[in-house]
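K.L.:
Fold the stuff below for me.
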Amino acid sequence: PPNLDINHVMGLSDLKKKLPEAAFGKRNYTGNEVCFQGVYSSLYEVEISNKDQQKMDQLVENLKEKDLAIIKYLRDQGV
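P.N.:
Next up, the predicted model:
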């Protein structure tokens, strides 16, 4: 999609409690998806337009400082 809607964030430590460890290892992804214990996770790459680079840098820095993750809920539950 042309825009990334950010409606939900969660502490990274809380997220790690809810998801299987396999979701956090890049080596577990064949292509962009991993399934572990019936939970599907997808890996996405975000491209930033030049005009928004400074805003994105600020967002990433803020997420790192506060140890947060952006959460994107899937309406189709990954089906």
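K.L.:
got a list of what the residue of the chain positioned farthest from its centre touches?
P.N.:
Computed with CA atoms, centre = their mean, the maximum C-alpha offset from the centroid of the chain is found at Lys51, amounting to 22.3 Å. Not one residue lies near Lys51 by CB atoms under 8 Å, 6 or more residues apart in numbering. Heads up, the C-betas are built off the backbone N, CA and C, glycines and all.
K.L.:
Quick one: low-confidence residue ranges for the chain.
P.N.:
Applying pLDDT under 70 to the chain picks out residues 1-4, 26, 28, 30, 43-46, 74-79.
K.L.:
quick one, helices of it?
P.N.:
12-18, 53-66 (DSSP state H).
K.L.:
Which one of these lies nearest to Ser42?
P.N.:
For the helices of the chain, the distance to Ser42 is smallest for helix 12-18, at 14.5 Å, taking CB to CB.
K.L.:
now for the closest one, which elements pack on it?
P.N.:
If you count contacts as 3 or more CB pairs under 8 Å, 6 or more residues apart in numbering; DSSP states H and E, helix 12-18 packs onto strand 68-71.
K.L.:
Understood, closing this out.
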